[in-house]
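**Q** okay, predicted coordinates and the sequence, questions at the end:
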Amino acid sequence: MFTRSTVAAAATAALAAVGLAVPSPAAAAPSRAQLALRWAPIHHQDVDATGTHALGGRADYITRVDFDGDLNGRNNWDNAGQSGASLAAHAYYSVAETSSHWYITYLFFHPRDWVDHPFFETEHENDGEGIMLAVERDGSEYGVLRGAVSVAHTNFYSFTPAGSSWTSGRESVDGTLTFAASPHDSFSHPVTAQEPQGHGLKAHPQYAINGDGVIYYPSTVAETPSSGNDRDVRYQLVDIFAAGGLWAERNNTGLFANLGTFAGDTSGGCGTGTFGCGTNSANAPWGWDDGDDLPGRGEIATNPAKLSAEYFAIPGGVSRTYTYNPYSGAAAALEAAAKTAPRVVD
């Protein structure tokens, strides 16, 4: 009696006997969490320890929005310096998919956007800036990274890896996205960097560590820097779409003042000794906006295929039909709210 397994074994032996390659089983597609971890940046965070608002450099550490144990955005400035607050390293991510590309957005959060002088610049509670990576689904397990758009305050900057087939579109490519090996896995990762205080984010070395700084490596664990000059700190990724995650909390008025804008006030000394303190002045990815560019508010995360097609010239184009994009289910509401939401100046 022949079973399915004995027939398969006989077929494999027959192929091998005549010198033909035996087909390998198709590899399982990586999960979205695996995709996000594979492409997550090695992240250079410049640190400034000067002034009381710096908290000895800790105000430049990346962390979770609930680092203080709650989802109240209006006490984050106040609690950043408390002994019980955790500044363990985390970054948020979301993944959107089409048949041609994966789009992975990363958010790096700081409890304070701060300054150490009294002139002209304001500071504010909460700070959310990040980067969107466009990965072509070329048949390999994790695809190939083609382009990136980063957020630095109220401006977007575009980057491509060396040798990318993507070139300047409506917006000029601003530089090269470099890669580096991680000591914590076998992959080469893109390298990003944030400035201290205001935390604008670009591809390294357009921002770079100048003196003290922390180098964060993507991982499945969250470490806290030993000091403001720690060059090997692992950060843990948090899915924006997870149950109870940022997207699920988007209507939580304690955390968000309005569409994609973190709630923040002037308590706890924000603005003391400086030009001033802004309120409700930081954004989640679905609130990121470059007012001088064509894409709408939040589309860097909510409609990254459209944004990519506008920022870059892409051979063969990109699919605009999403096979996975939880943002798109609320697209109409997001678009309507974006038209009336106040412009946030980060």
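**A** Looks like it came in fine. These numbers come from a predicted model, not from an experiment. Numbering: from 1, shown residues only.

**Q** list the buried residues for stretch 249-267?
**A** Of the residues in stretch 249-267, those with enough neighbours to count as buried (16 or more other C-beta atoms under 10 Å) are 249-250, 255-257, 259-266. Where C-beta positions appear, they are placed from N, C-alpha and C, glycine not excepted.

**Q** which of these sits closest to Val144?
**A** Gly260 (29.9 Å; C-beta to C-beta).

**Q** the closest one: what's it in contact with?
**A** Taking C-beta atoms under 8 Å, 6 or more residues apart in numbering, we find Gly260 in contact with 250, 283-288, 297-298, 341.

**Q** contacting residues for His124?
**A** His124 sits in contact with 113, 264, 270, 277-279, 281-282, 346, where contact means C-beta under 8 Å, 6+ apart.

**Q** next, format the residues you listed as JSON lines and append secondary structure.
**A** Below are the contacts of His124 laid out as JSON lines (DSSP: H, G, I helix; E, B strand; the rest coil):
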{"residue": "Asp113", "secondary structure": "strand"}
{"residue": "Gly264", "secondary structure": "coil"}
{"residue": "Cys270", "secondary structure": "coil"}
{"residue": "Cys277", "secondary structure": "strand"}
{"residue": "Gly278", "secondary structure": "strand"}
{"residue": "Thr279", "secondary structure": "coil"}
{"residue": "Ser281", "secondary structure": "coil"}
{"residue": "Ala282", "secondary structure": "strand"}
{"residue": "Asp346", "secondary structure": "coil"}
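
**Q** from those, pick the one nearest Leu145.
**A** Sorting the contacts of His124 by how near they are to Leu145, with C-beta to C-beta, puts Asp346 at the top with 25.9 Å.

**Q** if we can go back for a sec, of the buried residues of stretch 249-267, which is the nearest to Ser165?
**A** Relative to Ser165, the closest of the buried residues of stretch 249-267 is Gly260; by C-beta to C-beta it sits at 31.8 Å.

**Q** for the residue nearest to that closest one when sequence neighbours are not counted, what are phi and psi?
**A** Spatial nearest neighbour of Gly260, chain neighbours left out: Gly287 (2.4 Å); criterion: C-beta to C-beta, 6 or more residues apart in numbering. Backbone torsions for Gly287, taken as degrees, to the nearest 10, come to phi -120, psi 0.
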